[in-house]
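**Q** below is the structure, and that's it, no one-letter string:
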């Protein structure tokens, strides 16, 4: 019996492929500009630190770890990376919701601006907090 791989069914739709092609073309267009720029990629990941999947034991013996009946809470890490490495990261308890992501993006912007980069190199695209976005 073979291992089943789960693939989101929308991944290979024509519309999604066209959106990917547009994204790549935008990146190529930005790369061809004469101005200096830096791409920053933001991602988040959730994990449970009490859920260990690997362990060690004597050969032939199962690796067993005792755990409480209640699972621990999930943690979420948000990080921003560029070709220079990790720029900013934040770990929080609980899932990543809109407010959590907006707070991370605002703190990323403040962190980035505090590095005193030229304003022409920093493009702020965050929604205004007064618009009620994400509420």
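**A** Sure, I can see it. Bear in mind that the values here come from a model prediction, so they are computed numbers and not experimental data.
**Q** residue ranges with poor pLDDT in this protein?
**A** Low-confidence segments of the chain, defined by pLDDT under 70: 50-53, 67-72, 116-135.
**Q** can you pull out the helices in it?
**A** 14-32, 98-114 (DSSP state H).
**Q** between those helices, which one is nearest to residue 60?
**A** Nearest of the helices of the chain to residue 60, taken as Cβ to Cβ: helix 98-114 at 44.9 Å. The C-beta positions use only the backbone N, C-alpha and C, and glycine is treated the same way.
**Q** quick check: the spatially closest residue to residue 57 that is not a sequence neighbour vs residue 47, distance?
**A** Excluding its sequence neighbours, the residue lying closest to residue 57 (Cβ to Cβ, 6 or more residues apart in numbering) is residue 63, at 4.3 Å. Computed as Cβ to Cβ, to the nearest Å, the residue 63 to residue 47 distance reads 19 Å.
**Q** likewise residue 28?
**A** For residue 28, the distance to residue 47 - Cβ to Cβ - is 34 Å.
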